[in-house]
Structure formats: structure tokens, C-alpha cells
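# Structure, please.
(2 chains)
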Amino acid sequence: MTPAGRAGRIGLYLFLVTTALFFAIPLVIVVLTALKDADEARGASIFLLPRSPDLEAFSKAWSSACIGRDCNGIGGRFWNSVVITALATSISLLLASLNGFALALWNLRRAGLVLGLLLVGAFVPYQIMIYPLVRMFAVGGIHQTLAAVVIVHVLFGLPILTLIFRNYYVGLPPELIKAARVDGAGFFQIWRLVILPLSLNVAIVAGILSVTGVWNDYLLGLIFSGQNWQPMTVSVASLSATASSGVPEQNVNMAATLLTALPPLLLYLLSGKYFVRGVTAGAVKG
Amino acid sequence: MAITPQATARFVLVPTILLTVVGYYGSILWTIGLSFTPSRILPVSRWAGLDMYERLLSTERWQVAYTNLFVFGGLYIGFCLAAGLLLAIALDQGVKGRSVYQTIFLYPIALSFIVTGLAWRWLLNPTTGLQDYVRSLGFESFSLDLLSSPERAIFTLVIAGVWHSAGLVMVILFAGLQSVDQEIWRAGRVDGIPRHRMYRHVVLPMLWPMVVTCLVLLGMNVVRSYDLVVALTGGGPGFSTDVPAKFIVDHYFERQSVGLASAAATLLLLTVVVLFALVGLLRRRGEAA
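Below you'll find the model as predicted:
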């Protein structure tokens, strides 16, 4: 390698390492702070290592931190998020798969129009729809319930998920369902016996997109879930805004932040390629 | 008479169509309608013409919020594209440990904007945060008090936003770079064209469709930028870092100005429509090129 080439290589790695530090530092700081006690977190530089690291802040964040006047921690909210995410994701995936199948393989008239109508919803800012939705839920008597928050997540998740399934099904050989139809199978039979077994990969990609989207949502949870079903993102934000007994406990706040970040982070680390396909799937042009 | 599978397929779409027509289009029309009424806490149907729009446009907080949409949006998208492109090109040089770097650059995309905002607010806090650390290194007069400065707090949103989303641009553009035919590189070498010129004049123009894709994804984050603002600056100091998304939610649910909020939401929708038309033009230009 020429000296100029070697200098270039060194520069390249220097750039990569510096940038990697920039990306890593916020997470490292959150972890370090969560391992400190309250005084240390408040008084000493955030870059110092904890003197005696322990998980005290995590257990307080989970079960006894105060959010407003409610001092039961965010553990309960964690399960709220789990329930909301599980329900919204399974309902959306089921609907999206059926929709995608119907739109892709049945030569329906105006299938393009239906898809177009649906996709507009993916690009419109939520803000223009939330207030009427609140009124509709209020009239229906389900405002600020589990049902309301799941319905809005399904509503706003469907366009992109339907598109993902539809684009995958369009690529399947048409003979596949022709043969089944000759044998007299109906729509649901073909879906269940032929299409569903082929959908595992695309369902994983769509599922990851849906789970991270619903778990990380703040706005819809804030407006539609109500106190009883408040998701974790909403409570961690108001936890950090509540200074219990006047003194903010940053170690507890950071522990709560980390706990909120953990599920999608683990999903990211474990699912690798699928995750990348999931988050970029929203980019396929409609 | 038996129902044909075709009819079943059509029937399957009915719930989604209903949900879309009522949930999206009904809601949008309702909001546009409300923007022409003087509704406060509850919707009223009295016609107020363009009163709400006049009031909105003369509200200083809205002017700041709407300007911020473009300041934040422009800087966020610009820096994300630049950083993402640089990282993608760097990783395209046959780097050792590429997947480790990729994992580090991309992980913030898995986090919510709430978590992003809370982490950066802590990192940037003036007493024990980054500023204090740099000062302890001997740079006594170093000042990074961005969060409490009305002029500069908007940049904290940009920094945290770029941290969150640059990896996404990197991963999309890197996939594009990887898909470039090796023959093109070989032809370039045969003709003695330096690598950096190959990137500029040959490879990057091929990535145009992917850049447009990134633009759309990042643009949607900008329009929806509510969470990051709430977690990082709360819109403050004052309302210096307010954005339309936050202005609208606050006016609907805290300040009980439904008419005004609806007018603001309608203007935001109009803005998005105009921006999408522009992106459509960009896309066509890319296809023509």
C-alpha cells in the first residue's frame, strides 16, 4: 500500500470510530446514570463511572417511582404497552395479509384505487385526524379505552402493512391459486392453506415494523389510551417531567428510559436483517 | 347460489375501506370543516369564514412553529442525508468490522423519539452534562448551553434528530452502493478515473431514487415531529422550539381552541400536499435523467 493510501485508510477508520462514539455515547450515558445512586447522578459528571453500580434505580423505576400522584412505577405501564402492541400488531397483520391477498391476486376492479385511498393515510399528518377521531370514540362510548387506542393503531398501521403484504403476494406465481381454485377451494381456504404458509418471512418484516411503531408511539397513546391503559412512552415522559419531592432523580428517570427502550432495542439486535427490511419497507414506493 | 371466491375477496376489503373512508377521509373533511367555525371546547357549526385562519396567521406562536418546521426540517434532512451518505461511502471501502459499525450507526432508529429526547436532554444538561465535562478538561469558557437559549435550542432538536435517523439513510444508501454493478467500477479503473470522481459523477446519480426515498421517510418524521420536541425541549424556552404538530395538539387538548387548531391542522395538511407534489417532481426528474 502506498503511504498516501495508508494515510487514507487511517483517516477512514478515524472517521468511523469517531462517528461510532457519537452514536454510542448517549446510550452509554443513559446506562451509566441508571447504575448510579440519586446523589451521584445529580452531583457528578455524567461521564464518570458509577462508584458502586447497582440496580436500585431500575427497581424503583419499575415499582415505586411517582408519575404524577401515582407512585407505582412504570412496571404496570410496561404491561399496558405489551398488551396494546400485541393486540394492534396481530389485528393489523391479519387484516393486512387478507387485504394484500385480495388486492394482489384476484384481479378485482379498482384494486389500485383502494390501495391508493389507503396509502394516502400513510402520508397525512395524524394531527388533522385526531380530533374527529376523539369525537367519534366519545360518541361510541369508547374514548380513552384499550379498544380506542388499538383501533387507531390498526387504522394508522394498515396502509404500509397492507402494501408490504400486497407487494409480496403480487410476486407469487398465479398458478398457485389457479390450481387451488380448480380444485374448488374458496378465498379463505386458499388463504389459509396456500398463502399463509408462504407468508412467514413477510410477516416477520411487517411484524417488526408494526411492533416498533406501536411500542415507540407517543402521540396516539397520549390522546387515546386514557389513564388505565397509558403506554410506557407516555409515562416515562411524564415521569421525567415530575420532580418527586422537588428533587429530580435522574438515575430513576434514566433507568425508566432504558426500560422503555429495551424491547425494540433487543428486537433490533436479535432480528438483524429483518429489522432493516422492516424499517425501510415503509420506503417502497406505492 | 354459492358465493364466488371473487366476491369473498371483494367482501374482505369492506372493513378496511369503511375504516379508511370514515377514519381518514371523514376525519380530514371534519377537521377542515371545523377550521371555518369559531369552536372552542366543543365543536359548533356556526360559520366563521376565514376568521380562524386570520387569527392563526397573526399568532406569534404559530409563526414561530411554522418557521421551525422548515428550519428544523431543512437542517435535519440535510445533515441526515450528508452524514448517511458519508457513512455509506465509508463502509463501502471494504472496511473491517463493517457489521459492527453498521449496528452502532443504526441502533438509534429502533428507539422512540421520546427516548431519544430524554437521553439527549440529559446529555446536554448544563450542570453535569457535556458542557461540564469539556470544561473539566480545561476549556473553562466552553459553553454548550443550547437548551436554555431561545435562539439555539432548535439545534438540539437537529442534533438529536440526526443522531436518531442518520443510520436509516446510511443503510438505504449503502444497499444502493452495494448493488452498483462491479463492471462499472472496472470500467472506471480501466479508464483511469479516480474513485472519488466515480462516486460523484457515476455512482451517486444512480442512487437518486434512494435519496428520494430517504427524503420521504425523513420528511414524514419532520411533519410528525411532536414526540422529540415534547421530550427534549417541551417547545421551549418560551415557545422558541414549537412545531406545528405540537401547536395543534396543545390547542386541541389543552387550550381548548378547536377552531384554531383545526385551521392549523388544515394548513399543515396543505403544506404536506405541496411538499409531496415537489417530491413527485423530483422523482420524475430522477426517472428522466
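
# For the spatially most central residue of chain A, which residues are in contact?
For chain A, A:Thr212 is the residue whose C-alpha lies nearest the centre (C-alpha atoms, centre = their mean; 1.7 Å). By C-beta atoms under 8 Å, 6 or more residues apart in numbering or on different chains, the residues touching A:Thr212 are A:264, A:267-268, A:278-279, B:110. Glycine gets a C-beta too; all of them are placed from N, C-alpha and C.

# Let me know the closest of the residues you listed to B:Trp47.
A:Val279 (44.9 Å; C-beta to C-beta).

# Touching, the closest one and B:Leu168? I think so.
Yes: A:Val279 is within contact range of B:Leu168, at 6.5 Å (criterion: C-beta atoms under 8 Å).

# Between those two, which contacts overlap?
What both A:Val279 and B:Leu168 touch, as defined by C-beta under 8 Å, 6+ apart, is the set B:Ile109.

# Is the residue nearest to the centre of chain A part of a helix or strand, or is it coil?
helix (DSSP: H, G, I helix; E, B strand; the rest coil).

# Show me where the stretch 101-250 of chain A dips below the pLDDT cut-off.
Applying pLDDT under 70 to the stretch 101-250 of chain A flags residues A:242-247.

# in it, which spans are helices?
Remark: helices assigned in the stretch 101-250 of chain A by DSSP state H, counting those that start in this stretch are A:111-123, A:130-139, A:146-170, A:175-182, A:187-190, A:196-198, A:200-216, A:219-224, A:232-241, A:250-271.

# how about these in a markdown table, adding distance to B:Ala187?
Shown next, in a markdown table, are the helices of the stretch 101-250 of chain A (distance: least, C-beta to C-beta, whole Å):
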| stretch | distance to B:Ala187 |
| --- | --- |
| helix A:111-123 | 39 |
| helix A:130-139 | 54 |
| helix A:146-170 | 33 |
| helix A:175-182 | 41 |
| helix A:187-190 | 48 |
| helix A:196-198 | 40 |
| helix A:200-216 | 35 |
| helix A:219-224 | 50 |
| helix A:232-241 | 51 |
| helix A:250-271 | 38 |
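
# A:Leu222: what's its closest spatial neighbour, skipping adjacent residues?
A:Val234 (5.1 Å; C-beta to C-beta, 6 or more residues apart in numbering or on different chains).

# cool, B:Ala83 as well?
Leaving aside its sequence neighbours, B:Ala83 sits nearest to B:Ala166 (C-beta to C-beta, 6+ apart; 4.2 Å).

# got the contact list for that neighbour?
B:79-80, B:83-84, B:87, B:105.

# Select from those residues every entry located in helices.
Assigned to helices by DSSP state H, the following of the contacts of B:Ala166 qualify: B:79-80, B:83-84, B:87, B:105.

# Show me the two of the residues you listed that sit farthest apart.
B:Phe79 and B:Phe105 (14.0 Å).

# Would you mind telling me which of the two has the busier surroundings?
Neighbours per residue (other C-beta atoms under 10 Å in any protein chain shown) separate B:Phe79 from B:Phe105, with B:Phe105 holding more: 28 against 18.

# what's the pLDDT at that one?
As predicted, B:Phe105 sits at a pLDDT of 95.

# Which of the three states applies to the nearest residue to it once chain neighbours are set aside?
Leaving aside its chain neighbours, B:Phe105 sits nearest to B:Gly167 (4.3 Å; criterion: C-beta to C-beta, 6+ apart). Assigned with three-state DSSP, B:Gly167 falls in the helix class.

# ok, B:Gly167 touching B:Ala110?
No: at 9.5 Å, B:Gly167 and B:Ala110 do not qualify as touching, with contact defined as C-beta under 8 Å.

# Pick out whichever of the two has more residues nearby.
Between B:Gly167 and B:Ala110, counted using other C-beta under 10 Å, the more crowded position is B:Gly167 (27 against 24).

# and A:Leu115, what does it touch?
A:103, A:162-163, A:166, A:286.

# Closest one to A:Phe187 out of those residues, please.
Out of the contacts of A:Leu115, the member with the shortest distance to A:Phe187 (by C-beta to C-beta) is A:Leu103, at 12.6 Å.

# Chain B versus the closest one, what's the distance?
7 Å (C-beta to the nearest C-beta, to the nearest Å).

# Please name the residues that touch that residue.
So A:Leu103 contacts A:111, A:114-115, A:162, A:166, A:169, B:13 (C-beta under 8 Å, 6+ apart).

# Any chance of TSV for those residues, columns distance to A:Gln230?
Below are these laid out as TSV (distance: C-beta to C-beta, whole Å):
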residue	distance to A:Gln230
A:Ala111	39
A:Val114	35
A:Leu115	34
A:Thr162	29
A:Arg166	34
A:Tyr169	37
B:Leu13	34
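
# Name the member of the residues you listed with the most neighbours.
Going by other C-beta under 10 Å, A:Thr162 tops the contacts of A:Leu103 with 28 neighbours.

# from memory it sits against A:Ala96, does it?
Yes: counting by C-beta under 8 Å, A:Ala96 is a contact partner of A:Thr162 at 4.6 Å.

# Which parts of the stretch 51-200 of chain B are helices?
Under DSSP H, counting those that start in this stretch, the stretch 51-200 of chain B gives helices at B:51-57, B:60-91, B:98-106, B:113-123, B:130-136, B:153-178, B:182-190, B:195-198.

# other SSEs contacting the third one?
In other words, helix B:98-106. helix A:3-34, helix B:60-91, helix B:153-178 (3 or more C-beta pairs under 8 Å, 6 or more residues apart in numbering or on different chains; DSSP states H and E).

# Output the ones you listed in JSON lines, with mean pLDDT and distance to A:Asp70 appended to each entry.
Listed next are the helices and strands packed on helix B:98-106 as JSON lines, based on pLDDT from 0 to 100; distance: least, C-beta to C-beta, whole Å:
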{"stretch": "helix A:3-34", "mean pLDDT": "91", "distance to A:Asp70": "21"}
{"stretch": "helix B:60-91", "mean pLDDT": "95", "distance to A:Asp70": "31"}
{"stretch": "helix B:153-178", "mean pLDDT": "93", "distance to A:Asp70": "28"}
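
# Nearest to A:Phe187, out of those helices?
helix B:153-178 (35.7 Å).

# angle of that closest one against helix B:98-106?
150 degrees (axes from the mean of the first three to the mean of the last three C-alpha atoms, to 10 degrees).

# Leaving out sequence neighbours, find the closest residue to A:Arg181.
Computed as C-beta to C-beta, 6+ apart, the closest residue to A:Arg181 that is not its neighbour in sequence is B:Pro5, at 6.5 Å.

# ok now do A:Trp191, which residues does it touch?
A:97-98, A:101.

# Buried among the residues you listed? Need that as a selection in PyMOL.
The following PyMOL line selects those of these that are buried, judged by 16 or more other C-beta atoms under 10 Å in any protein chain shown:
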select buried, chain A and resi 97+98+101
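
# how many other residues sit next to A:Leu172?
A:Leu172, neighbours per other C-beta under 10 Å, totals 16.

# do the same with B:Arg195
Based on other C-beta under 10 Å, the number of other residues close to B:Arg195 is 13.

# Just the pLDDT for it.
At B:Arg195, pLDDT is 85.

# Spatially nearest residue to it (excluding sequence neighbours)?
Nearest one to B:Arg195, counting by C-beta to C-beta, 6+ apart, is B:Gly188 at 7.8 Å.

# A:Leu176 now?
Nearest one to A:Leu176, counting by C-beta to C-beta, 6+ apart, is A:Val194 at 5.9 Å.

# Likewise for A:Cys71?
A:Ser64 is the one closest to A:Cys71 (C-beta to C-beta, 6+ apart), at 6.0 Å.
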